[in-house]
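[1] what's the 3D shape of this:
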Amino acid sequence: MKILMLADVFYPDTVGGAGRVVYHLSLELNKKGHEIHVLTRSPKKRLSFFQKIDTHFFIHRFHVPANESLGLVFSEIKNSYQAAKRILREIDFDIVCINQCMSALGPLLHKQLNRLPAVYIYYSPWHQEFLTKKGKGNRINTSKEKTIAQFMKWIERLCLKKASRVFVLSNFSFNQVSRLHNIINSKVSINFAGIDLDKFKLSEHRNCKLRKEFGIPEDKTLFVTVRNLVPRMGIENLIRSFKNSQPLKQTAYLLIGGTGFLNNHLQDIVNLNALQDSIKFLGYIPDKQLPTVYQSADYFVLPTSSLEGFGLVILEAMACGTPVLGTPVGAIPEILGRFDERLIFRGTGWKDIQEKLEDVTENPDRYQFDQRICREFVGKNYSWEKMADEFEKKALELIN
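    Model prediction:
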């Protein structure tokens, strides 16, 4: 097959789960002998507009303005259309795969692409992510933001209706796409994502790099989280769980990795509540350093408050032998519940997080998991190869 992937984000151009899915799914399909072309944004001017990743695996990038505006929308539609037009002069594709809507709008205006069978990989509701991002803290979204969100929802539905097959990464997303967009269930199927088990692996000896770097005593339980510092990630609740717990201050330590517009606000909470001896910020963590961060932790914490369509970070941490504690949000309980339900918080509030973290530090025997068991769980249930197999099967059915 000759497959055109349309994606807003692509790894390693940008960080995040959706970009990883596009990259690894494309790589696996390429290994199976298919020709893959990814059409995506160029987030940085220094990135090449054309790149060969591997034999029959190519990236085509188009420019988009840096600032958010109505002009950006029209510019992206125009530039993505022109880029698709150039590709289509040389290549006759068999199928198109839509990963996000904005990058798909322009290309799908081309009659040659519009005639092709299409697959849609649905990650999360675009309009809800927008409203969550704009509604910083407890601020209520403005009428303008709500109008924009409705427009985004309409675009997303348009692309979903175009697709002959919709893949989702979890039961949570399956229910979302059905409820929000009235997509018939027979058109939707679950196709789990995976991770790179060669990259995320066990350390030969216990990794103490972060403990040594921050002078964390061996008798303290080390909790780590790596997230975009935005409201829906629930980092503020995680910090407040320490603020209101004397046991956690005495027996635990929290390292927070990642960047985002809440960075200064979160650091202010730590400083104002004199939590500097219990909580430290790691800032941006390069991708190649992620395994070390996971391996250094006793537990990885996922305090998400809304919209967790899958959670690749769960698999990454567990493949490194580190158990994950998470909120009952989105697909988190689907994954953790298959492993051990004790790892799921009662709710999303700081009191729920505090209760579980205190139980972990006070009753460590109840939460001891063999590193190899954590890794085997990931390898058995989640892989890019399995995802590519399912994609290939459904795509060939559509073509034939």
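
[2] how about the nearest residue to residue 265 once chain neighbours are set aside, secondary structure?
    Ranked by CB to CB, 6 or more residues apart in numbering and with sequence neighbours excluded, the top spatial neighbour of residue 265 is residue 236, at 7.8 Å. In this view, the C-beta of every residue, glycine as well, is placed from N, C-alpha and C. Using DSSP: H, G, I helix; E, B strand; the rest coil, the structure places residue 236 in helix.

[3] quick one: residue 236 from residue 228, how far?
    13 Å (CB to CB, to the nearest Å).

[4] what about those two, which has more around it?
    residue 236 (18 against 15; other CB atoms under 10 Å).

[5] Surely that one and residue 263 touch.
    No - contact criterion CB atoms under 8 Å: residue 236 and residue 263 do not qualify, at 11.7 Å.

[6] Backbone torsions only: list them for residue 346.
    In this entry, residue 346 is assigned phi and psi values of phi -70, psi -40 (degrees, to the nearest 10).

[7] so the nearest residue to it once chain neighbours are set aside is in which element?
    Here the nearest residue to residue 346 in space, its sequence neighbours aside, is residue 352; by CB to CB, 6+ apart that works out to 4.5 Å. Per DSSP states H and E, residue 352 falls inside helix 350-362.

[8] what pLDDT, on average, does the next helix or strand after that helix get?
    Elements were assigned by DSSP H and E; along the chain past helix 350-362, the next helix or strand is helix 371-381. Confidence over helix 371-381 (mean pLDDT, whole number) is 95.

[9] try stretch 268-279
    For stretch 268-279, the per-residue pLDDT averages 95.

[10] quick one, what contacts the closest residue to residue 73 other than its chain neighbours?
    Closest residue in space to residue 73, ignoring its immediate chain neighbours: residue 102 at 7.5 Å, by CB to CB, 6+ apart. For residue 102, the contact set (CB atoms under 8 Å, 6 or more residues apart in numbering) comprises 8, 73, 76, 80, 155.

[11] Of these, which is the most crowded?
    Most crowded among the contacts of residue 102, counting by other CB under 10 Å, is residue 80 at 28 neighbours.

[12] how close does it sit to residue 129?
    Spatial separation of residue 80 from residue 129 under the definition CB to CB is 20 Å.

[13] Pull the contacting residues for residue 15.
    Per CB under 8 Å, 6+ apart, neighbours of residue 15: residue 287.

[14] And the helices in the stretch 1-150 of the chain, which stretches?
    17-31, 70-88, 102-108, 111-114, 126-134, 143-162 (DSSP state H, counting those that start in this stretch).

[15] For residue 42, which of those helices is the nearest?
    Among those, helix 70-88 comes nearest to residue 42, with 9.2 Å by CB to CB.

[16] May I see the buried residues of that closest one?
    73, 75-77, 79-81, 83-84, 87-88 (16 or more other CB atoms under 10 Å).

[17] Using TSV, lay out those residues together with distance to residue 310 and pLDDT.
    Output for the buried residues of helix 70-88, formatted as TSV (distance: CB to CB, whole Å; pLDDT from 0 to 100):
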residue	distance to residue 310	pLDDT
73	27	79
75	30	86
76	25	87
77	28	90
79	29	92
80	25	94
81	30	95
83	28	95
84	28	96
87	29	96
88	32	95
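
[18] Run through the strands of this structure in chain order.
    The residue ranges that make up the strands of the chain, judged by DSSP state E, are 2-7, 35-42, 50-54, 57-63, 95-98, 118-122, 165-168, 188-190, 221-226, 252-257, 279-283, 299-302, 324-326.

[19] got the contact list for stretch 387-400?
    Counting by CB under 8 Å, 6+ apart, stretch 387-400 makes contact with 1, 3, 24-25, 28-29, 31-32, 34, 94-95, 97, 117, 119, 164-165, 167, 189, 191-194, all of which sit outside it.

[20] Just the buried residues of those residues.
    When the contacts of stretch 387-400 are checked for burial by 16+ other CB under 10 Å, the buried set is 1, 3, 24-25, 28-29, 34, 94-95, 97, 117, 119, 165, 167, 191-194.

[21] where are the low-confidence patches of this structure?
    For the chain, applying pLDDT under 70 flags the ranges 45, 66-71, 135-139, 205.

[22] can you do 50?
    Judged against pLDDT under 50, the chain has no low-scoring part.

[23] quick one, domains of the protein?
    Domain segmentation of the chain under automatic domain parsing yields 2-194+383-399, 209-381.

[24] would you list those in TSV and tack on distance to residue 202?
    Formatted as TSV, these follow (distance: least, CB to CB, whole Å):
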stretch	distance to residue 202
domain 2-194+383-399	17
domain 209-381	5
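
[25] Nearest to residue 201, out of the ones you listed?
    Evaluated with CB to CB, the domains of the chain place domain 209-381 nearest to residue 201, the distance being 6.6 Å.
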